[in-house]
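Undergrad: Attaching a predicted model along with its sequence, questions to come.
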Amino acid sequence: MDKALYEILDNINEGIIILNENLRVLFWNNHMEHLTNISEEKIINNHIYDVIPSLNKGYFKQAIDSVINNGSKMFFSAAMHKNLIDSNRNLNLKISKINMNNLNYILMEFIDVTNQFLRIEQLKKYIDELYFLNKELKEKEKTINKLAYYDSLTGIANRNLFYNIAEKFFINAKRNNGLLGLMFIDVDKFKSINDTYGHKSGDEALIHVSKILKRSIRRGDVVARFGGDEFVILLSFIKSYDDSKLIASRIITPKNKTLNCREGKISVSLSIGLSLFPYDGQNIDELVRKADKAMYVAKNKGGDNYFSFL
């Protein structure tokens, strides 16, 4: 082959090997020497399979045979093979057949893509970091959302979430000329429970009440802690005032009154006030106020009962 061409190939930043039709090395450029630490003098006229034994295996050998016999051009990504030559670099390999002066040669190009691989690995690392950061942010968002809309002690909805849901229930009831029930619930003698048994037992009593309320309501109803020892319940899709009374009776049933805690058995009773849209108010605040007043009537009658002005 032309010496001028060899000089050009010797100075490019790719590993270049030129083989004759018998797969013997005719040219081994400077970059190949740099990649392998093997000089051209030791390589010239050696069979390529002796120089790079891994090429005499599997699909590499099939590819070389295809290039020789069919003139195909073959490409092997560094991502698909490791250590094709003894180098710590990531190398793509291109194999093609060239014809010069009516003679056929095999051109092998080893293209160093290590920097691209490093960039890809860095990108993967950044993507992983972004993924975990996004996951962490979502978890924090969930935590913040929970703090904003759920009571930290009982795990039920808080006042904020209650009003959000109540507005939707109210709009739906108004649009469909339906009824919307509301219960205002207060723990009887809660201060006495705290003073007698301690604040931890008081917290246990509130958790106990929240569980009673949750298991007493229907699917679609909402129970929330309104503040302190006060709870509210939204009753959606009720057919009459009797539905509210039925649920109130279920809440104050005797089996719900005893709480076993570390300090012993605590008697827990509730006073419940009932209100009903559209009869007791034309917005949520009016329904809450009416149910609150009704609750105090029940409490003044001795508690452990429910009351409605209807």
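TA: Structure received.

Undergrad: Going by contacts, tell me the helices and strands next to the strand or helix carrying Ile207.
TA: Element membership for Ile207 (DSSP states H and E) is helix 199-216. Counting contacts by 3 or more C-beta pairs under 8 Å, 6 or more residues apart in numbering; DSSP states H and E, helix 199-216 packs against strand 179-187, helix 190-197, strand 222-227, strand 230-238, helix 241-251, strand 258-261, strand 264-267. Where you see a C-beta, it was placed from the backbone N, CA and C, and this is true even at glycine.

Undergrad: looking at these, which is closest to Lys138?
TA: For the helices and strands packed on helix 199-216, proximity to Lys138 was assessed by C-beta to C-beta; strand 222-227 is nearest, at 24.9 Å.

Undergrad: which stretches of the stretch 201-310 of the chain aren't confidently modelled?
TA: Residue ranges of the stretch 201-310 of the chain with pLDDT under 70: 256.

Undergrad: now with 90?
TA: 236-237, 253-267, 310 (pLDDT under 90).

Undergrad: list the buried ones in stretch 85-97?
TA: 85, 87, 89-93, 95, 97 (16 or more other C-beta atoms under 10 Å).

Undergrad: among these, which are in strands?
TA: Here DSSP state E is the test, and the buried residues of stretch 85-97 give 91-93, 95, 97 as lying in strands.

Undergrad: thinking again about what came up before, which residues are in contact with the helix holding Ile207?
TA: Identification of contacts with helix 199-216 by C-beta atoms under 8 Å, 6 or more residues apart in numbering yields 151, 153-156, 185, 187, 190, 193-194, 223, 225, 229, 231, 233, 247, 250-251, 256, 259, 261-263, 266, 268, 270.

Undergrad: at 6 Å instead, please
TA: By C-beta atoms under 6 Å, 6 or more residues apart in numbering, the surrounding residues in contact with helix 199-216 are 153-154, 156, 187, 193-194, 223, 231, 250-251, 256, 259, 261, 263, 268.

Undergrad: ok and that helix relative to strand 230-238, angle-wise?
TA: Between helix 199-216 and strand 230-238, the angle comes out at 0 degrees (axes from the mean of the first three to the mean of the last three C-alpha atoms, to 10 degrees).

Undergrad: thinking again about what came up before, if we take the contacts of helix 199-216, which one ends up nearest to Pro278?
TA: Val223 (22.6 Å).

Undergrad: you'd agree the closest one is up against Ile233?
TA: Yes - contact status for Val223 versus Ile233: in contact at 5.0 Å, counting by C-beta atoms under 6 Å.

Undergrad: which parts of stretch 37-45 are buried?
TA: Under the neighbour-count criterion of 16+ other C-beta under 10 Å, stretch 37-45 has Ile43 buried.

Undergrad: Contact partners for Val51?
TA: Applying C-beta under 6 Å, 6+ apart to Val51 gives the contacts Ile43.

Undergrad: try the one 5 residues further on
TA: Contacts for Asn56 were tallied using C-beta under 6 Å, 6+ apart; they are Tyr49.
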